[in-house]
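*Asks:* Give me a 3D structure for the following:
(2 chains, ligands or ions: 1)
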Amino acid sequence: MHSLVEPNAWVVLRLPSGNLRVLQVAPNTTTSLGKYGSFPTNLIIHRPYNITYELQDRKPDENFNRLRIVPAAELYADILSSDADTRTAEDATPVPDAEGDDDAPPTGIEYSLVDSDSGTVVATTDRVEIDASARQTLTIEEIEALKKDGTDAGRELITRLMLSHTAIDQKTEYSLAKYKLLKTRKYIRRFCVLPLDIPMLNYWTLEDKDASKIMDMREEMIALLGCWANVHFGGSDPCEAQPIAKIKQEGEDTSMVEPEPVQTSCPGRWLVVDDTSGLLVAAMAERMGILYPSEADRLAKEQREAKSSKQGDSTGGRQPAPKDGEDTQAPAKPTDEAEAKREPEDAAQPTSPKATHKRPPEHRRDDYIPYAHANTITHIHPNSQPNLSFLRYYDFDITNPNPNAHHPLSKHLMTLSWLQLLEPDLDSTYSSPPPNVTPEEIYSWKTNRRSTFHRKRKRWIRTRHIIDTTRKGEFSGLVVASSMDPISIMRHTVPLLAGGAPIAIYSPSIEPLTELADCYSLARRAAWATNTPEEVAGKTLEEQEQWAGNEEFPLNPALVLGASIQTSRVRKWQVLPGRTHPLMSSRGGAEGYVFTAWKVKPAEGKVEARGHLRSRKRKVDDQSAA
Amino acid sequence: MSTTSPFLDPGPLTTPGALALVHLSRDNVLPIYLSKESGTVDGYTEGAVINTRFGSFPHSTLIGQPWGSQIRASIVDTGSRGRKRKLANVVDVDATGNDTEAAASSTSNTKDVKTAASGFIHILPPTPEIWTSSLPHRTQVVYTPDYSYILHRIRARPGAQLIEAGSGSGSFTHAATRAVYNGYPKDAKDKRGKVWSFEFNHDRYLKIREEVQDHHLDGIVQVTNRDVYNDGFLVDGESPEAECIFLDVPAPWQALPHLSRRKPTQSQLASSGLEYPKETSPEWKSPLRADRTVHICTFSPCIEQVTKTVEVMRRLGWMEIEMVEVAQRRINVLREKVGLNMPLERGTNQSPRNVVEAITKLKQIDGRFKEFHKDKQETDVKMEDADAEKKRGDQHGDANVVENSADSGDSLTMKPWMAGRLIHRTEGEIKTHTSYLVFALLPQEWSEEQEAAAFEKWPCGKEHKVIGSLDKETRKQEKRDMLRGIKDKKIAAAKGPDPAPKKSKTG
Ligand SMILES: C[S@@+](CC[C@H](N)C(=O)[O-])C[C@H]1O[C@@H](n2cnc3c(N)ncnc32)[C@H](O)[C@@H]1O
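*Replies:* Now for the predicted structure:
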C-alpha cells in the first residue's frame, strides 16, 4: 500500500454521517460530498491517507473550497475534557451521579440541522446552541429529559428547536423542508480519506454494499482462512529476477523447459476457490505481497509516463494485436509496450527456430510464459470466465487479455475452470494447439493473420501452462470460499496438495462443513482402516488419492488429518470516559464458519487398524509387524 | 536455500536439523528437532528416539520423508534402558483421535528398524498455528483467533516493519514473522519485512533468541532485551521505522509515549499521569516510519487497562481508536443416535426415536402386561419370557420394534458411521475471554511545505467534472446550468452515487 493517495486510486471517503463513499480519485475533478459540500479532488492527491479534513468556506477570490487538516487534539477536545471531568469526579469521595454524561448524549450521536442550499449548519444538539436558543420554547430540564429519553430523542429536540431557532425565523419565506435533519457526529463538514485495502473493502462490502456478494464473509473469517491455510510470501521465482527489481530484463527468461524446482525449496503456490467476486483472491494476494504494485514498480511507471509524455509518444495504449513479435528485425520497443506485446511461442514445438536463442535480449521470445513459478495463486472457477471483479479496485482487470503487465497479479495469478482442470481435453483452447508454421511463413502473412495467429498461440501457451502445472499438483495450501459443495471441491483438490499442506474452507452456514467433517469422523476413519473398500484396497497410493469416493466414503478419509470447524466473532465496544460498554447492536446474518485440516500421506501397504478401546484389535495388528 | 526457515518454506521432505511437528492427536502435537545423529543416543541404538503413547519413533524413520507422512511406530532396541515392553503397553491409553486413524503395516522406510503395531504418527511442517498450540509456554500466549485478526487489522503485510513487545513465549512472534516476511535480506542495505521484538525478562529473551536461531529466522526477527516502558524502541540508537505495532505488556500506555512521531509534550503526558521519558540522547528519534500510517494493537485482559490505554492514545493523537473482543468457538461434529434400534455403543441413546417408536413400544409392553394378567397362573413363566425377550431385544437391536416401526427399517443395514443424525455442538469448554484488543492508527505527519509542494503539482481551479455523490439539489442545479447553456467547466455529467468499479479507467 502506498503512503500517499495516488491519482486514479480507489479510495474511501468517510462522511460525517459515517457513510462510506468509494470513488476513484480522478485528477482535475471536483469531489462532491453531496449535501456536505464539495472540493477539488486534486486537494487529496499525493496527500496522506487517514487524515481528517474539514471543508473550509470559499475564499473570496477562489472558486473552490479548500481543506483543513483537523488535528487530533481538536477531534478529541470534548472527550478529553469530559475525561478530565470524570477524573476529578472520581477523586472526590461522593461520586455525583453521571457527571460526565452531560456533555454528550449516551451514544455520542448528535443531530444537526443543515441548510441544504448552503450546507451550513443551522442548529445542532450541541449544548451551546441549545442553551442559546432553547430558552424560547424549552426549559433546560425538558432538553435534558429529551436527550436522555432514548437514541432518537435528539430528533424531537431539534425539531422543536427548528421552530424556535432565530436563524430559521429570519428565513420564513423559505419552506422549512429545505432544512435537513441529520443524525451526525457534531462536526458536519469533516471527512476522512481512507485506503481501500482489504480490511476496508471487506468492511464496506459487508456494511454498505451487498454482503451476499462476498458470502457474508467477515474480517475474522478472512484472517482465519489466511492463517490456517498458511498463506504468505511464497518465495521468489528460481529463475525470476528479484520481485523488487525495477523492470525485468527482457529475454532473461529464455528457458523453454519449465525450470526444475530447486530441490530443497517448495515455492509457495496456493490453490484458491473463490465465489466472493475476488475478495478472497485479493485478500490472499495481499498476504502474499502481490496485490499492490511495488513502490519500485510505481516509480518506474511514473518515470515511463513522464518520459512518454515528454517524447509526445502517443502509442501508450496497449494494443491486443501485436505485429512483430516474431520479427527479428523489429526495433526495440519502449519497455511498456514491449512488455505488453511479448509473445510466447510454443516451447514444445520442435519447429521453433533455434535462432531465437541468439536474439538480442531486447526481443521478446515467443515461448515466453508470463507466469511466475513461486508465490502464485491458482484460482479455479465454475464458469468459463472467472469472476474476480473486486480486483479492479486494485488496477487489475482479469477480463483484459493483456492486463496491466506491471501489476504483480499479472504474473502471479492464474485462473482455470473446473472443466479445464478435470477434463482439459474438452477445453477448446487446450485441445487445439496452433499449427506448426515456420517463421518465414508467418512473416509472409498479412498483419491481421499474423496477429491472430500470435494471439491464439499465446493464449494456448498460457492455458496449457496453467492447466499442466495445476494438474501436476504439489500446492502449498488450499483456500476455499464457495457456494459449491465442499465435499466435491475436496474430492478434486486434495490430490493436488503437497503432503502437510493446510486446507481452510469458509462457509457462511455450518451445514456444508459438518457434512464435510463427517467424512473424516473417527468412526469413518476407523472403518476405512479396518475395512477398506475393495475397490480401493488393491490400488496404489496415488490411485487411492484419485479415488472418486462412494456412498459410504464420499472422500478418502486417510488423506486428511485434523479436520475441525471453528467460528469466530468480533464484538465491538464503545470506550468513553465512564461510558464503556459493548455496542448495543451489530450485523446479524450468516455466522460464518471455517473448516481446517491438513493433507497427509498415508503409509503404504496393507492397512490395519486398532479400534478405540478395543484391545483385541491389537492382536490382529501383531501380524502386521512381521 | 537450506537456511530458509521451515516455517516459511519447509521444502518437500523432512530434513535433519529442521523443526518438525509430530501430530499425535488433535490437541497433542510435539515439536521435534530432527536429529541425524546415528549411534547410540540415550541408550537407543537407533539414535534419537521419540517416545509417545503411540509407540517409539526413531528420528531416522522421520527424516527424508515427504511432509504429512504417516509414520508407523518402530520396535526399538532400548538396550540399557529396557523400556521396550513398557512402552508398547502404555500406548493408546486415553487416545481420542489417533488410535482410530488408519495405521498401515509394513512401512518401507528404514533399514533395520522394524515397525511396531503400537500406532503411528503424522509428521507436519511447522506453521505458526501448530507451533502456537504446541510451543513451550512461558507466559500467556496469543492464540490464532486473536493474532490472525490482529495481524489483519494492523496491516502486517510482506515487507512491513513490525514492533512487538513483549516477546513472551513467541507465539505472536512467529505469526507476525510469517506475515511480514518477503525474503531474507541479502546484505545490510537490503531492507526486508522484519519483526522487532522486545522482551524485558532476561530468561525469556534468551529463550526466544535461541528459538529464532533454531527456526532459522535470523535477519527476519530481531529480539532485544529491553524494558520498553523506560527505554523505548530504538535498536542500537536506530529507528526500526515500524508501521505495525503490537503491545502485549501489562501497561501499554507506558510504552506509548515512545511510539510517537515526535517527542510528546510535557502536558500531553502529565495530564495522563505519565512520567516524562528519561532523556537518553540529546535528539529524540521516532521508532515509527515517517511516510506511512502506523497501525497499532494493544492486548489487555482488563477493562481498566483499556480505559487507560485509550485515554493516552487520544492524547498522543492516535486516530480511529476502536476496542473489540474476539470470541472463538471450536465446534464438534457428531452423530446423534437416538432410537430403540440403535446399536448399543457409547453415545447412543436407546430411547424411542419418535412418537411411532414410542407407541409401538408402549403397545408391546401393554400387550405383555395384559397377557400377564390374563394368565395369572403362569406368572413365573411369563416373567421369565418377558425378561428374556427384553434381553434379546437389547442384543439384537430390538428387532421386534424395528419391524413394527415403519420408517426406520434402513437403520440396521446402515453403516454405523452413517447412522444417526449429523449434529454439531460447541466444544466442551470455551474461552470466553482472552483479552481486549485496542486498535488505532497514527497518520503520517504532513507539513506545510509538503502541502505546498503537492498543491503546486496538483493545482486546483480547473476542475472539469464532478465525481462522488451528488445530492438532488446539485444534480438539479447542474441540469439547470446545462439547460441555460452555461459554458461552465462543471458541465460534465454526473456519475451515479457509487461509481461501480467497472467504470474504472486508468488515465
Ligand atoms: C503475555 S506475555 C506476551 C506473550 C506473547 N505475545 C506471545 O504470544 O507469546 C508479556 C511479556 O511482556 C514482557 N514484558 C512486560 N513488561 C515489559 C516491558 N516493560 N518491556 C518489555 N517486555 C515486557 C513480559 O516479560 C512477558 O514476557
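
*Asks:* How about the secondary structure of A:His379?
*Replies:* Look at A:His379: counting by DSSP: H, G, I helix; E, B strand; the rest coil, its state is strand.

*Asks:* A:Gln303 now?
*Replies:* The three-state label for A:Gln303, taken from three-state DSSP, comes out as helix.

*Asks:* Give me the pLDDT value at it.
*Replies:* The pLDDT attached to A:Gln303 in the predicted structure is 71.

*Asks:* Chain B - how does it break down into domains?
*Replies:* Segmentation of chain B into domains, based on automatic domain parsing, reads B:19-126, B:131-325, B:342-426, B:472-506.

*Asks:* These: lowest mean pLDDT?
*Replies:* Lowest mean pLDDT within those: domain B:472-506, a mean of 49.

*Asks:* Could you pick out the longest strand of chain A?
*Replies:* With secondary structure taken from DSSP state E, chain A has its longest strand at strand A:560-574.

*Asks:* pLDDT (mean, whole number) over the helix or strand that that strand is followed by?
*Replies:* Moving toward the C-terminus from strand A:560-574, the first helix or strand encountered (DSSP states H and E) is strand A:581-582. Over the span of strand A:581-582, the pLDDT mean works out to 92.

*Asks:* Close to the ligand: what parts of the stretch 51-200 of chain B are there?
*Replies:* In this structure, the stretch 51-200 of chain B approaches the ligand at residues B:139-142, B:165-166, B:168-172, B:198-200, judged by CB under 6 Å from any ligand atom. C-beta here means a position set from N, CA and C on the backbone, and glycine is covered the same way.

*Asks:* how about B:His152, what does it touch?
*Replies:* If a contact means CB atoms under 8 Å, 6 or more residues apart in numbering or on different chains, then B:His152 has A:198-199, A:219, A:222-223, A:226 as its contacts.

*Asks:* one more time with 10 Å, if that's ok
*Replies:* A:198-199, A:202, A:219-220, A:222-224, A:226-227, A:283, A:286-287, B:179 (CB atoms under 10 Å, 6 or more residues apart in numbering or on different chains).

*Asks:* Wait, a helix at it?
*Replies:* Yes - secondary structure of B:His152, determined by three-state DSSP: located in a helix.

*Asks:* Spell out which helix or strand contains A:Trp528, please.
*Replies:* Secondary-structure assignment from DSSP H and E places A:Trp528 in helix A:522-530.

*Asks:* could you give the mean pLDDT of that helix?
*Replies:* pLDDT averaged over helix A:522-530 equals 89, rounded to a whole number.

*Asks:* and the closest residue to the ligand within chain A, how far is that from chain B?
*Replies:* The ligand sits closest to A:Cys227 of chain A, with a gap of 13.8 Å, by CB to the nearest ligand atom. As for A:Cys227, its distance to chain B is 4 Å (criterion: CB to the nearest CB, to the nearest Å).

*Asks:* Need the residue closest to the centroid of chain B.
*Replies:* For chain B, the residue whose C-alpha lies nearest the mean C-alpha position (CA atoms, centre = their mean) is B:Thr144; its distance is 2.2 Å.

*Asks:* and the longest strand seen in chain B, which strands flank it?
*Replies:* Across chain B, the longest stretch assigned as strand under DSSP E is strand B:319-338. According to DSSP bridges, the neighbouring strands of strand B:319-338, each with its direction, are strand A:560-574 (antiparallel), strand B:348-349 (parallel), strand B:421-426 (antiparallel), strand B:436-442 (antiparallel).

*Asks:* hang on, A:Phe453 in a strand?
*Replies:* No - using three-state DSSP, the secondary structure at A:Phe453 is helix, not a strand.

*Asks:* Can you verify my assumption that it contacts A:Val437?
*Replies:* Yes - look at A:Phe453 against A:Val437 with CB atoms under 10 Å: they come within range, at 7.5 Å.

*Asks:* who has more neighbours, the two?
*Replies:* The residue with more neighbours, out of A:Phe453 and A:Val437, is A:Phe453; 19 against 16, by other CB atoms under 10 Å in any protein chain shown.

*Asks:* and A:Ala306, what pLDDT?
*Replies:* Looking at A:Ala306, its pLDDT stands at 64.

*Asks:* related to what we said a few turns ago, pull the contacting residues for the residue of chain A closest to the ligand.
*Replies:* By CB under 10 Å, 6+ apart, the contact set of A:Cys227 is A:287, A:502, A:504, A:594, A:596, B:127-129, B:132, B:144-145, B:147-149, B:151-152, B:175, B:178-179.

*Asks:* got it, and A:Glu552?
*Replies:* A:524, A:527-528, A:531, A:533, B:414-415, B:417-418.

*Asks:* so can I have CSV of these showing neighbour count and distance to the ligand?
*Replies:* Compiled in CSV, the contacts of A:Glu552 are given as follows (neighbours: other CB atoms under 10 Å in any protein chain shown; distance: CB to the nearest ligand atom, whole Å):
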residue, neighbour count, distance to the ligand
A:Arg524, 21, 36
A:Ala527, 23, 40
A:Trp528, 24, 38
A:Asn531, 13, 44
A:Pro533, 14, 45
B:Met414, 14, 47
B:Lys415, 13, 44
B:Trp417, 20, 38
B:Met418, 18, 42
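
*Asks:* Next step: the contacts of A:Cys227 restricted to helices.
*Replies:* A:287, B:128-129, B:132, B:144-145, B:147-149, B:151-152, B:175, B:178-179 (DSSP state H).

*Asks:* What about A:Cys192, how many residues nearby?
*Replies:* In terms of burial, A:Cys192 registers 20 neighbours under the definition other CB under 10 Å.

*Asks:* Got phi/psi on the closest residue to it other than its chain neighbours?
*Replies:* If the residues on either side of it in the chain are set aside, A:Cys192 comes closest to A:Arg14, at 4.3 Å by CB to CB, 6 or more residues apart in numbering or on different chains. As for A:Arg14, its main-chain torsions (degrees, to the nearest 10) stand at phi -100, psi 120.

*Asks:* now do A:Ser509
*Replies:* The phi and psi torsions at A:Ser509 (degrees, to the nearest 10) take the values phi -120, psi 160.

*Asks:* Name the secondary structure element that contains the nearest residue in space to it that is not next to it in sequence.
*Replies:* Excluding the flanking residues, the one nearest A:Ser509 by CB to CB, 6+ apart is A:Ala590, at 6.2 Å. Following DSSP H and E, one finds A:Ala590 outside all helices and strands.

*Asks:* ok, A:Ala590 touching A:Ser212?
*Replies:* Yes - under the criterion of CB under 10 Å, A:Ala590 makes contact with A:Ser212 at 8.8 Å.

*Asks:* Surely B:Asn51 is in contact with B:Gly119?
*Replies:* No - taking CB under 10 Å as the definition, B:Asn51 is not a contact partner of B:Gly119, at 11.7 Å.

*Asks:* Next up, the contacts around A:Ser432.
*Replies:* A:456, A:460.
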